[in-house]
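**Q** compute the structure for the input listed below.
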Amino acid sequence: MPTTKEKAVASPSVEQVDTSYLESLLGYNARRAALSVIGVFLERMSVYDLRPVDFSVLSLITHNPGVTSRQVCTALDILPPNLVGMVNALEKRGLVHRKPHPRDGRAMGLHLSAAGHKLMRDAERTASELEAEVASRLTPGETRTLLRLLKKIYL
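**A** Predicted coordinates:
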């Protein structure tokens with residue numbers, strides 16, 4: 001139970017929250033930007049039943065027919081056991097199929113089915129429209145600079 005003296009001391013109140021320290025942090029800003037994009041991405045990709053990682057895997061297969069699981073894991077920094085389940089689910093949906101790799105008898109190449117091609121045409125168009133909306137506050141040059149700088153951090 002607070003004493004009389006403790007009751008007399010007013011608790012500090014905050015009229016305006018100071019976020020200046022957080023806003024000086026790269027991680028904080030990257031996360032805030034990512035959250036604003038990912039929220040809309042999840043909403044728009046729900047019509048295709050695609051999560052961001054599914055979209056990324058399918059996009060790699062779209063633009064690299066015959067890519068191996070190992071190559072996908074390396075490109076997207078995905079653990080192999082996680083990718084196996086994803087590819088199995090995409091295969092079950094009739095979007096992806098595996099074919100023997102022409103040069104590596106142990107590997108299978110990943111390919112889109114006709115349904116996968118149609119879905120990715122629509123999904124990539126949707127993603128491009130979303131990117132244009134998100135980047136609408138930036139000039140084309142600022143967008144190119146932002147992409148270049150972000151890649152310098154993770155590549």
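**Q** the chain: helices as residue ranges?
**A** Here the chain has its helices, by DSSP state H, at 4-8, 20-23, 26-45, 52-63, 69-76, 80-92, 114-134, 140-154.
**Q** make JSON lines from these and add mean pLDDT and mean neighbour count to it.
**A** The C-beta positions use only the backbone N, C-alpha and C, and glycine is treated the same way. Shown next, in JSON lines, are those (pLDDT from 0 to 100; neighbours: other CB atoms under 10 Å):
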{"stretch": "helix 4-8", "mean pLDDT": "61", "mean neighbour count": "8"}
{"stretch": "helix 20-23", "mean pLDDT": "95", "mean neighbour count": "10"}
{"stretch": "helix 26-45", "mean pLDDT": "94", "mean neighbour count": "13"}
{"stretch": "helix 52-63", "mean pLDDT": "97", "mean neighbour count": "18"}
{"stretch": "helix 69-76", "mean pLDDT": "95", "mean neighbour count": "15"}
{"stretch": "helix 80-92", "mean pLDDT": "95", "mean neighbour count": "14"}
{"stretch": "helix 114-134", "mean pLDDT": "96", "mean neighbour count": "15"}
{"stretch": "helix 140-154", "mean pLDDT": "94", "mean neighbour count": "10"}
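**Q** the ones you listed: which one's closest to R103?
**A** helix 69-76 (12.7 Å; CB to CB).
**Q** what does the closest one contact?
**A** Applying CB atoms under 8 Å, 6 or more residues apart in numbering, the contact partners of helix 69-76 are 53, 56-57, 60-61, 64, 78-80, 83-84, 87, 107-108, 110.
**Q** report the angle between it and helix 52-63.
**A** 120 degrees (axes from the mean of the first three to the mean of the last three CA atoms, to 10 degrees).
**Q** give the contact list for the most centrally placed residue in the chain.
**A** The chain has P52 as the residue nearest its centroid, 4.5 Å off, counting by CA atoms, centre = their mean. Applying CB under 8 Å, 6+ apart, we find P52 in contact with 38, 41-42, 45.
**Q** re earlier: I'd like the helices of the chain written out as TSV, with distance to V14 added.
**A** As requested, the helices of the chain are exported to TSV (distance: least, CB to CB, whole Å):
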stretch	distance to V14
helix 4-8	20
helix 20-23	14
helix 26-45	19
helix 52-63	35
helix 69-76	42
helix 80-92	42
helix 114-134	31
helix 140-154	32
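**Q** mind checking how far L83 is from A34?
**A** According to CB to CB, to the nearest Å, L83 stands 22 Å off from A34.
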